[in-house]
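>>> what follows is a predicted protein model with its sequence.
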Amino acid sequence: MNHRLTITILGSGTCVPSLKRSACSLLLEAGGAKAVFDCGPGTMRRMLEAGVTIFEMTHLFLSHFHLDHSGELASLLFANKYSFPPQRTTPLTLAGGKGLLDFFNGLRVVYGEWIDLDNDLLVLKEFDTDKADNYYTGDFSVTTRPVAHRPESVAFRVTVGNTSVVYSGDTDVSENLIRLSHRADVLICESALPDDLKTEGHLTPSLAGEIAQQAEVKRLVLTHFYPECDKVDIRQQCAGTYSGEIILAEDLLRIEI
């Protein structure tokens, strides 16, 4: 197995429309897998800009169901179904926390056959949100833990060989995220607002730094920025609590491990 991981930040923003930042999403490539984590508005366009089509996607993991993390799901399935000639030949796995099946069935009530992929080309996987859960794809393993945002919210640890990447999704301060991130090579962590604008359910640069420091992660990537983050030095705020390498996410930023 090729133990190399490539991460591309597809979207580093939020629900606020921006020419600079699409809604939160990232692409992880490992072996033959091309897995996307979250798919808010702008994800498919950013994938194309990153040189990957939706037909090459093998997995789509949703951290939770807020629209800035799932809003392009129906459009993505519609595009997979109605390409001419048909281009998806292998199943797409759609995975998320507790309630995923109800969430998808709700979309089917609205869109019906428009999002039903033919020939069993869509596989649904629902993670336990009461405890840690595990999933193995053949190219990488995934461990999830519930985090403090929504009832269905989970963070993901992706492991290939001895290399691990953690994606927090949206969360407030969470012991589960610290445990999940322990000595990870990279933690991609939400940092929605500056320290003085802390809001419930989200982290700030200093809080993300504290989590990374306690977890002893090697590199911390801050993402999910509201526009207010562009008005202050969030790197400096984070550096006050984290002594490792800090990377500020931008759309189409690539990180190879």
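Done, it's in.
>>> using CSV, list the CA coordinates for the helix or strand residue 142 falls within.
Secondary-structure assignment from DSSP states H and E places residue 142 in strand 141-146. This file holds the C-alpha atoms of strand 141-146, laid out as CSV (Å, rounded to 0.1, in the frame of the first residue of the first chain):
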residue,chain,number,x,y,z
SER,A,141,-8.9,3.5,7.9
VAL,A,142,-11.2,6.0,9.6
THR,A,143,-11.9,6.5,13.2
THR,A,144,-14.6,8.8,14.3
ARG,A,145,-15.5,10.4,17.6
PRO,A,146,-18.5,12.6,18.5
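>>> identify each buried residue in that strand, please.
Taking 16 or more other C-beta atoms under 10 Å as the neighbour-count basis, strand 141-146 is seen to contain the buried residues 142, 143, 144, 145, 146. C-beta coordinates here come from the backbone N, C-alpha and C atoms, glycine included.
>>> and whichever helix or strand comes after it, how far out from the chain's middle?
Following the chain from strand 141-146 toward its C-terminal end, the next helix or strand by DSSP H and E is strand 154-160. When distances are taken as C-alpha atoms, centre = their mean, to the nearest Å, strand 154-160 is centred 10 Å away from the chain's centroid.
>>> partners of strand 154-160, with directions?
Strand pairing for strand 154-160, using DSSP bridges, gives strand 141-146 (antiparallel), strand 163-167 (antiparallel).
>>> any idea how far apart the tips of stretch 104-123 sit?
The stretch stretch 104-123 measures 11 Å between its terminal residues, going by C-alpha to C-alpha, to the nearest Å.
>>> can I get the strands paired with strand 154-160 in TSV with distance to residue 44?
What follows is these, written out as TSV (distance: least, C-beta to C-beta, whole Å):
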stretch	distance to residue 44
strand 141-146	22
strand 163-167	19
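>>> just the pLDDT for the closest residue to residue 31 other than its chain neighbours.
Across the structure, with C-beta to C-beta, 6 or more residues apart in numbering as the measure, the residue nearest residue 31 apart from its sequence neighbours is residue 139 (3.6 Å). The predicted local confidence for residue 139 comes out at a pLDDT of 94.
>>> repeat that for residue 3.
Confidence at residue 3, expressed as pLDDT, is 69.
>>> at which residues are the helices of the stretch 51-200 of the chain located?
Residue ranges of the helices in the stretch 51-200 of the chain, as given by DSSP state H, counting those that start in this stretch, are 67-70, 73-81, 100-111, 175-180.
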